[in-house]
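Novice: pasting the structure only:
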């Protein structure tokens, strides 16, 4: 069954700590995305990648880092520089071949500060 | 230029009623307009989408109406059911956006039994 798997479902971060959120897809999609969702707000793009070994900053990239070493994997690291990391993080993927393709989402990771 | 404005922020409808959510955009290069449905603790799921070459698209109880000249599009949910209670997001993208989607702020829909 094809889809996007995000792990863990819940994550707690201590002050000064970096944490990494996992995102894996088996849809054979070229493009992958990370979004942040705060309560009662829309989705804000953190980073996206349209091809392996390449990625671009989204609208709120400060305090975050990503890598895209494999087509199926796009991990997000929330660094200690991100002062307000508590949020719901969503990973998505899509076919890259042309614009106007739907994005498919995972079920998110909820990050909280200890 | 890249924003998508969504309203209302929240909506309460009685079972069997019609739910209407509106979105407006500025970027005339947008040419794909999807709607997503999100339940608590889950990721958004694609509900229905439209391209500007048609003014309306219907899938079951869900209809998108599109007004290109006004740069507006809306989601209508007919015969709303309690199971439709969720947050709905409109979005837009186009040639100049690459594969990026611009999302509206979301509408929390509650359908009372």
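Specialist: Right, received. Where do you want to start? Small disclaimer: the values here were computed from a predicted structure and weren't measured.
Novice: what about the closest residue to residue A:29 other than its chain neighbours, distance to residue B:103?
Specialist: Counting by C-beta to C-beta, 6 or more residues apart in numbering or on different chains, the nearest residue to residue A:29 once its immediate chain neighbours are dropped is residue A:93, at 3.9 Å. Using the backbone N, CA and C atoms, a C-beta is placed for each residue, glycine as well. According to C-beta to C-beta, to the nearest Å, residue A:93 stands 16 Å off from residue B:103.
Novice: Then residue A:34?
Specialist: On the measure of C-beta to C-beta, residue A:34 and residue B:103 end up 14 Å apart.
Novice: roughly how far out does stretch A:61-70 sit from the chain middle?
Specialist: On the basis of C-alpha atoms, centre = their mean, to the nearest Å, stretch A:61-70 is displaced by 8 Å from the centre of the chain it belongs to.
Novice: swap in stretch B:37-56?
Specialist: Chain-centre distance of stretch B:37-56: 6 Å, with C-alpha atoms, centre = their mean.
Novice: can it be found next to chain A?
Specialist: Yes. Contact check for stretch B:37-56 against chain A, using C-beta under 8 Å from any C-beta of the partner chain: residues in range are B:41-46, B:49, B:51.
Novice: Contacts for that stretch next, please.
Specialist: Residues external to stretch B:37-56 that are found in contact with it (C-beta atoms under 8 Å, 6 or more residues apart in numbering or on different chains): A:4, A:6, A:43, A:90, A:92, A:100, A:102-108, B:31-36, B:57, B:59, B:62-68, B:73, B:75, B:86-89, B:106.
Novice: Just the buried subset of these, please.
Specialist: With burial judged by 16 or more other C-beta atoms under 10 Å in any protein chain shown, the buried subset of the contacts of stretch B:37-56 is A:4, A:6, A:43, A:90, A:92, A:100, A:102-108, B:31-36, B:57, B:62-66, B:73, B:75, B:86-89, B:106.
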